[in-house]
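Trainee: Coordinates for the following, if possible.
(one chain, ligands or ions: 1)
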Amino acid sequence: MRIIRSPAAMQRQALAWRRDGVRVGLVPTMGCLHAGHMSLVRRARQAVGPRGVVVVSIYVNPTQFAPHEDFRRYPRDAARDCRACREGGVDVVFRPSDPAMYAGGRARGHSTYVAEERLSRTMEGASRPMHFRGVTTVVAKLFNLVLPELAVFGAKDFQQAAIVRRMTRDLNFPVKVVVVPTVREPDGLALSSRNAYLEPAMRTRARALWQAIAKARAGVRARPAPGAAALKRHLTRFIERQPGARVDYLEFFDPATLEPRRRVRAGTRFALAVFLGRTRLIDNARL
Ligand code: AMP
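Mentor: The predicted structure follows:
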């Protein structure tokens, strides 16, 4: 397994692969890798085959964090991540530095951004205003540096995957966007690098997210179809019964357009963001 740190070296390698007809699959991550990330790696390998290459990018992208968010304390463990990639059969880890990716920082160099303007308005986009602009910018840069034929994303970040897919289509990137189901703990909690922030009591309370999804699923079976507003009130009360839990948003929406739905029925997507103390967790599922 090779570790590439310089964007220029990454792009030179990608151009050589392209010249030689090597198939390339990209898995973009922020590191602190867990079994959810490794399921993306397996999907990429399955797509490119044994003679193709799987590239995992590990980059905590500063432009997708607001100043008050957890960019500085986001868990980083390069040695452990590289070991996991080696054991997972990854060919190349691309691990650039901030100055290399953003030309010496916002003030001195980088001044071009990619922004999706419709799907980004709700949920994570409403809660974290510049977040998706940072995501689409860094993903566009990674596409240009790695030149993958496919890129794998997790359904855990459902809105992100929808926005990346839209950007890819709108800007004609020759990349196939593949979305892989969410990997969960035995009690239903979605695996996330941010779970590392939870102390044991909060970890137990974090089950409320999955329990809320189960309750929303049960709600769908009610006749007549329940109203989204009433269900949101009910689920907010349920979640906030846990000490230290605060709902940031709950949304019922159309999975294709991400438009909110007033009535909840089978096929509606449900997403939620919840603070447990200082830790903000997100999850979503099809109802
Ligand atoms: P992150 O490192 O959190 O930015 O995530 C990198 C990629 O892994 C994103 O496409 C996520 O959606 C995906 N991912 C994160 N957690 C999970 C999970 N529990 N199951 C599947 N994919 C995940």
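Trainee: which SS state does residue 134 fall under?
Mentor: What DSSP: H, G, I helix; E, B strand; the rest coil gives for residue 134 is helix.
Trainee: What is the burial count for it?
Mentor: Neighbour count for residue 134, taken as other Cβ atoms under 10 Å: 19. For the C-beta atoms, the positions are set from N, CA and C on the backbone; glycine is no exception.
Trainee: Over to residue 199?
Mentor: By other Cβ under 10 Å, 10 other residues sit near residue 199.
Trainee: quick one: the residue of the stretch 1-150 of the chain found nearest the ligand and residue 29, what's the gap?
Mentor: Nearest residue of the stretch 1-150 of the chain to the ligand: residue 36, at 2.4 Å (Cβ to the nearest ligand atom). Distance, residue 36 to residue 29, using Cβ to Cβ, to the nearest Å: 9 Å.
Trainee: same thing with residue 244?
Mentor: 28 Å.
Trainee: Could you do residue 103 as well?
Mentor: Taking Cβ to Cβ, one finds residue 103 at 22 Å from residue 29.
Trainee: More neighbours: which of the two?
Mentor: Ranked by neighbour count (other Cβ under 10 Å), residue 103 and residue 29 place residue 29 first, with 23 against 14.
Trainee: which sections of this structure are below the confidence cut-off?
Mentor: For the chain, the stretches flagged by pLDDT under 70 are 104-108.
Trainee: Tell me where it has helices.
Mentor: 7-19, 35-48, 78-87, 98-101, 123-127, 131-146, 158-170, 200-205, 207-220, 228-240 (DSSP state H).
Trainee: Can you name every helix or strand that the third one contacts?
Mentor: Just to be clear, that refers to helix 78-87. helix 35-48, strand 53-58, strand 92-94 (3 or more Cβ pairs under 8 Å, 6 or more residues apart in numbering; DSSP states H and E).
Trainee: Buried residues of it, list them for me.
Mentor: Within helix 78-87, the residues scored as buried using 16 or more other Cβ atoms under 10 Å are 81-82, 84-85.
Trainee: Likewise for the first one?
Mentor: Residues of helix 7-19 classed as buried under the neighbour-count rule (16+ other Cβ under 10 Å) are 7, 10, 13-14, 17.
Trainee: got a markdown table for those, with distance to the ligand too?
Mentor: What follows is these, written out as a markdown table (distance: Cβ to the nearest ligand atom, whole Å):
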| residue | distance to the ligand |
| --- | --- |
| 7 | 19 |
| 10 | 18 |
| 13 | 22 |
| 14 | 20 |
| 17 | 22 |
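Trainee: okay, among the buried residues of helix 78-87, which ones form the most distant pair?
Mentor: Spanning the widest gap among the buried residues of helix 78-87 are 82 and 84, at 7.4 Å by Cβ to Cβ.
Trainee: Can you name the residues of this protein sitting close to the ligand?
Mentor: 29-30, 36-37, 39-40, 153-154, 156-157, 180, 182-183, 190-193 (Cβ under 6 Å from any ligand atom).
Trainee: same thing but 5 Å
Mentor: Counting by Cβ under 5 Å from any ligand atom, the chain comes close to the ligand at 29-30, 36, 153-154, 156-157, 182-183, 190-191.
Trainee: quick check, nearest of the residues you listed to residue 257?
Mentor: residue 157 (17.5 Å).
Trainee: Skipping adjacent residues, who's closest to the closest one in space?
Mentor: Nearest non-adjacent residue to residue 157, counting by Cβ to Cβ, 6 or more residues apart in numbering: residue 282, 7.3 Å away.
Trainee: In this structure that neighbour contacts residue 271, no?
Mentor: Yes - Residue 282 lies in contact with residue 271 (Cβ atoms under 8 Å); the separation is 7.0 Å.
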